[in-house]
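Asks: Give me coordinates for this.
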Amino acid sequence: MAAKKPADLSSSLVAVKGKATVSPDATGRQPEVPSVPVAPSSSSAPLNFKVDPDFRRRFRQRAADADLKLNALLREALDAWEEKRGLR
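Replies: Numbers count the residues shown, from 1 in each chain. From the prediction side, this is the model:
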């Protein structure tokens, strides 16, 4: 059995995180890329706590329904909580 030859990769196939580009489609137009909310800070720290399975399911479902990442939904929830109590 012959050994597999490794695929030749061009440097244009490799993207640096956050610097990826989108190739034009067949019509020559750039496809529309949805915007993703960016966290205010460039660094992040883990936030670990346990919740019951029903809450976890609801939280994940609400994030998916709103097309949000989990941390973005958590950030919005805290902002709304602070605003409701006049802390912000």
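
Asks: list the buried ones in the longest helix seen in the chain?
Replies: With secondary structure taken from DSSP state H, the chain has its longest helix at helix 70-84. Across helix 70-84, burial judged by 16 or more other Cβ atoms under 10 Å covers Ala72, Leu73. All C-beta atoms are positioned from the backbone trio N, CA, C, and that covers glycine.

Asks: Just the residues contacting it, thanks.
Replies: Residues outside helix 70-84 that contact it (Cβ atoms under 8 Å, 6 or more residues apart in numbering): Pro37, Ala39, Ser44, Leu47, Phe59, Arg60, Arg62, Ala63, Ala66, Leu68, Arg88.

Asks: Narrow those to those that are buried.
Replies: Applying 16+ other Cβ under 10 Å to the contacts of helix 70-84 flags Ala63, Leu68 as buried.

Asks: Mind checking which of the contacts of helix 70-84 are in helices?
Replies: Using DSSP H, the subset of the contacts of helix 70-84 located in helices is Phe59, Arg60, Arg62, Ala63.
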